[in-house]
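Asker: Build me a structure from this.
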Amino acid sequence: MTDTRPGAIRDHFDTDWLTLREPVDHAARAMTLSQQLAAWLEQTDRSGPLQLVDLGCGRGSNLRYLAPLLPGPQSWSLVDHDERLLSDAARLSIGSRDRDHGPVHFNTIEADLRDPGTWQHLLNTDTGVVTASALIDLVAAPWLDQLVRGLQHRQAALLVTLSYNGEFAFSQPHPLDAEVRQAFNEHQQASGPFGAGLGPKATEALQTRLQAAGYRVSTAPSPWTVPPQHAALQRGLVLGWQDAASEQRPQRAKAFADWAQQHLQQAGSPECTLQVGHTDLLALPPEPQ
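Answerer: This next block holds a predicted model:
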C-alpha cells in the first residue's frame, strides 16, 4: 500500500505504481521469515483451512507471493479501501495455488483502514495469520496498538513486509542525497490519513508492542535493489522523493528540483542502481503454557 509518489500520503494508490514495484518487492522479501511462518503453521493444529487476512492488499501481491510458500488449504480475506484495487486483486489472484498445489480461496473486502473499527472484526476467531506489505510506515502509533490488541486476542501470527527503514542510496550519488532523504523521512512522519505517520520508526515501534504482548518477533532486512531495467520505477521514486522533500522544505524546492533532474537523467543508464532500505517482521504468538 504505497503511493505513486512515496511519502506524499494520499487516499488512493496508483495501479501502475503497484505493478511497477511488484517484481522488486518479491525479489526483496526476506525468504527466511516466510519459511519460519510455514514451519510454525505446520506445527499448528487447525480444524479447517488456514484463514489469512491481508490488510491494505492493493492488487493482491501479498497473496501471490505467500500462497505458494505456505501449506494449504488457504482462505484469504483481501482488505483495502479502494474498490479499483480490490477488483484488480480478484482478477490477478484467480488460479493461485498453495504450497500443496491446492486452489487458494479468497474474498475481497472494502474497508477504511484508517479506522480500526471497520476492519478489526475481520480478524475473527479462526484467523491464523495477518499480513500487510508496505503499510505500517504510513500508520500512527494508536493504529499499531489496535492491531496488536486484535492479534493478541486471537493469538494470530503477523507477517509485515517491506516497511521503509529510512535509507535510500544511488550508485551515482549527488551532494544533496542526504538532505533530500532527511526531508523525505520527516515528511513521512507528518500528518496523513492515518494521523502522524511512524515512517522509518514503524518496525521498531511495532516490535516493541508485540514483544510486550509476549510475541516472538523476528526481523530481517528486505532492501530493494532497483536496477537499470526498472527505469520507470527509478523515475517514480525520484519524483516521489522530490515531491515529499519539497513539501517538507518548500524553501529548498528549487534545489531539490535540480537534484531530481540529475537523477532522472541517469535513470535507466547501465550505471544507475538504487537501493531502498526495508525491513520485514514476523511475529508468532507466545508458546502455549
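Asker: residue ranges with poor pLDDT in the stretch 101-250 of the chain?
Answerer: Low-confidence segments of the stretch 101-250 of the chain (pLDDT under 70): 191-193.
Asker: now the helices: where do they sit in it?
Answerer: Using DSSP state H, counting those that start in this stretch, the helices of the stretch 101-250 of the chain run over 141-154, 177-188, 202-212, 231-248.
Asker: was I right about Q74 contacting D98?
Answerer: Yes: using C-beta atoms under 8 Å, Q74 makes contact with D98 at a distance of 5.0 Å. (C-beta placed from N, C-alpha, C; glycine too.)
Asker: Now do the shared contacts for these two.
Answerer: A67, V104 (C-beta atoms under 8 Å, 6 or more residues apart in numbering).
Asker: Who has more neighbours out of those two?
Answerer: Just comparing Q74 and D98: by other C-beta atoms under 10 Å the higher neighbour count belongs to Q74, 26 against 20.
Asker: Just say helix, strand or coil for T279.
Answerer: Look at T279: counting by DSSP: H, G, I helix; E, B strand; the rest coil, its state is strand.
Asker: brain fart, R46
Answerer: When classified by three-state DSSP, R46 comes out as coil.
Asker: Let me see the contact set for it.
Answerer: G128 are the contacts of R46 under C-beta under 8 Å, 6+ apart.
Asker: With mean neighbour count and distance to S218 added, can I get the helices of the stretch 101-250 of the chain in TSV?
Answerer: TSV is the format used below for the helices of the stretch 101-250 of the chain (neighbours: other C-beta atoms under 10 Å; distance: least, C-beta to C-beta, whole Å):
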stretch	mean neighbour count	distance to S218
helix 141-154	17	15
helix 177-188	19	24
helix 202-212	19	9
helix 231-248	21	28
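Asker: Turn these into a markdown table, columns for distance to G102.
Answerer: Output for the helices of the stretch 101-250 of the chain, formatted as a markdown table (distance: least, C-beta to C-beta, whole Å):
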| stretch | distance to G102 |
| --- | --- |
| helix 141-154 | 24 |
| helix 177-188 | 40 |
| helix 202-212 | 30 |
| helix 231-248 | 33 |
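Asker: residues touching A255, list them.
Answerer: A255 touches L176, counting by C-beta under 8 Å, 6+ apart.
Asker: would you list every one of the strands in this structure?
Answerer: According to DSSP state E, the chain carries its strands in the segments 50-55, 74-80, 105-110, 127-133, 157-170, 191-192, 195-196, 216-221, 224-226, 274-284.
Asker: got the angle between the fourth one and strand 274-284?
Answerer: Angle of strand 127-133 versus strand 274-284, following axes from the mean of the first three to the mean of the last three C-alpha atoms, to 10 degrees, is 170 degrees.
Asker: likewise the first one?
Answerer: Taking the same axes, to 10 degrees, one finds strand 50-55 and strand 274-284 inclined to each other by 140 degrees.
Asker: possible to save the strands of the chain as a markdown table with distance to L147?
Answerer: Converted to a markdown table, the strands of the chain look like this (distance: least, C-beta to C-beta, whole Å):
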| stretch | distance to L147 |
| --- | --- |
| strand 50-55 | 8 |
| strand 74-80 | 12 |
| strand 105-110 | 16 |
| strand 127-133 | 8 |
| strand 157-170 | 8 |
| strand 191-192 | 17 |
| strand 195-196 | 14 |
| strand 216-221 | 14 |
| strand 224-226 | 24 |
| strand 274-284 | 10 |
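Asker: Relative to L284, which of the helices of the stretch 101-250 of the chain is closest?
Answerer: Closest approach to L284 among these (C-beta to C-beta): helix 202-212, 9.5 Å.
Asker: start to end distance for stretch 220-234?
Answerer: Terminal residues of stretch 220-234 lie 24 Å apart, using C-alpha to C-alpha, to the nearest Å.
Asker: which other residues reach that stretch?
Answerer: With contacts defined as C-beta under 8 Å, 6+ apart, stretch 220-234 is touched by 20-21, 23-25, 27-30, 32-33, 161-162, 165, 237, 263, 267-280.
Asker: Of these, select the buried ones using a PyMOL command.
Answerer: Under the burial definition 16 or more other C-beta atoms under 10 Å, those of these that qualify are selected in PyMOL by:
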select buried, resi 20+21+24+25+28+29+30+33+161+162+165+237+263+267+272+273+274+276+277+278+279+280
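Asker: Can you give me the distance of A169 to L159?
Answerer: Applying C-beta to C-beta, to the nearest Å, the value for A169 to L159 is 26 Å.
Asker: Give me the more crowded residue out of those two.
Answerer: Neighbour count, other C-beta under 10 Å: between A169 and L159, L159 has more, with 25 against 14.
Asker: Kindly state the beta-bridge partners for the more buried one.
Answerer: Applying DSSP bridges to L159 gives these bridge partners: T131, L282.
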